[in-house]
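Asks: Sequence first, then the predicted structure:
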Amino acid sequence: MTKRRPKIVVIDDSAAAITLYERSVKGLRVDLRAFQSPSESLKHLESHGADLIFTGIIMREADGWGILKKLNSWAHHEDTPVIVVTSKNYDQDRALAAQMGATEYLVKPLRSQEIREVIRRYTGAEILDEK
């Protein structure tokens, strides 16, 4: 029996950041959907499940606080772990993220290993055989 692949959603308007996530999941048994547009990500998340969401906070189109607020209003995402990823390392932002339901608050720059560890911690993603 094959275990279902965890669904990971990344929301970040930086193409370089999305490339980092894509490289980081190589060798993990996951399905990754990445969005540079917060509005497109919300359209997707409104009708699709996710096992883990990474969201930036500072983006051109919208901010991550609005994304967290929207996710909190949807019952089908109330238990979805949301990882806030930002360059802002301020206690008040950490506190706000926790208050708004973020599971973790990570400060950029991220490393591939850090992303992999978070994914495995929250989804139990399997490592693919590399034979």
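Replies: Sure, I can see it.

Asks: Let's verify the residue nearest to Val25 when sequence neighbours are not counted: helix, strand, or coil?
Replies: Spatially, and ignoring its direct neighbours in sequence, Val25 is nearest to Leu32 (5.1 Å; CB to CB, 6 or more residues apart in numbering). In short, each C-beta sits where N, CA and C put it, glycine included. What DSSP: H, G, I helix; E, B strand; the rest coil gives for Leu32 is strand.

Asks: Which pLDDT value goes with Leu32?
Replies: Note on Leu32: pLDDT of 98.

Asks: Could you do Lys3 as well?
Replies: Predicted confidence (pLDDT) for Lys3: 79.

Asks: residues touching the closest residue to Thr86 other than its chain neighbours, list them.
Replies: Leaving aside its sequence neighbours, Thr86 sits nearest to Ile57 (CB to CB, 6+ apart; 4.1 Å). Each residue near Ile57 by CB atoms under 8 Å, 6 or more residues apart in numbering is listed here: Asp63, Gly64, Trp65, Val84, Val85, Thr86, Lys88, Asp93.

Asks: What helices and strands are in contact with the lowest-mean-pLDDT helix or strand in the chain?
Replies: Ranking every helix and strand in the chain by mean pLDDT, DSSP states H and E puts helix 64-72 at the bottom, with a mean of 93. Here helix 64-72 touches helix 38-47, strand 52-56, strand 82-86, going by 3 or more CB pairs under 8 Å, 6 or more residues apart in numbering; DSSP states H and E.

Asks: picking up where we left off before, could you provide the contacts of Ile57 in JSON lines, with additional columns for distance to Asp51 and neighbour count?
Replies: Shown next, in JSON lines, are these (distance: CB to CB, whole Å; neighbours: other CB atoms under 10 Å):
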{"residue": "Asp63", "distance to Asp51": "24", "neighbour count": "16"}
{"residue": "Gly64", "distance to Asp51": "19", "neighbour count": "24"}
{"residue": "Trp65", "distance to Asp51": "22", "neighbour count": "17"}
{"residue": "Val84", "distance to Asp51": "17", "neighbour count": "27"}
{"residue": "Val85", "distance to Asp51": "17", "neighbour count": "24"}
{"residue": "Thr86", "distance to Asp51": "22", "neighbour count": "19"}
{"residue": "Lys88", "distance to Asp51": "26", "neighbour count": "14"}
{"residue": "Asp93", "distance to Asp51": "25", "neighbour count": "18"}
